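Undergrad: Give the three-dimensional model of this entry:
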Amino acid sequence: MLLAGFFSQLLCLGIARFAYTPLLPLMQQQQVLDDASGGYLAAVNYLGYMAGALLAASLSNLKLKDSLYRLGLVLAC
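TA: Numbering: from 1, shown residues only. Below is the predicted model of the structure:
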């Protein structure tokens, strides 16, 4: 069970997290984003990670944590 959770986290959230970095230069090249907009986008992205971590740490109901984890995996993939 632990390995299944680890690999699902690695696959879905790892891809979702690191897809932003190589796409940023392409978006800037196509003039979709300037430097300031790219910085704001990155800040909002990191704020989402922080909010998710704080939410998970504050929940004591394991069933709710499991449901939110599964929802996050589906949304990330």
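Undergrad: neighbours of F6, just the number please.
TA: Neighbourhood size, F6 [other CB atoms under 10 Å]: 10. (Each C-beta comes from the backbone N, C-alpha and C, glycine too.)
Undergrad: what's the answer for the one 3 residues further on, then?
TA: Counted with other CB under 10 Å, the burial measure for Q9 works out to 14 neighbours.
Undergrad: Next, work out how far apart the residue nearest to it when sequence neighbours are not counted and Y40 are.
TA: Distances taken as CB to CB, 6 or more residues apart in numbering put L73 closest to Q9, at 7.7 Å, once the chain neighbours are dropped. If you measure L73 against Y40 using CB to CB, to the nearest Å, the figure is 27 Å.
Undergrad: now Y49
TA: Taking CB to CB, one finds Y49 at 15 Å from Y40.
Undergrad: Where is the longest helix in this protein?
TA: Taking DSSP state H as the criterion, the chain has its longest helix at helix 35-58.
Undergrad: tell me which residues in that one are buried?
TA: Within helix 35-58, the residues that count as buried by 16 or more other CB atoms under 10 Å are G38.
Undergrad: Now find how far off-centre it is within its chain.
TA: Relative to its parent chain, helix 35-58 has a centroid offset of 8 Å by CA atoms, centre = their mean, to the nearest Å.
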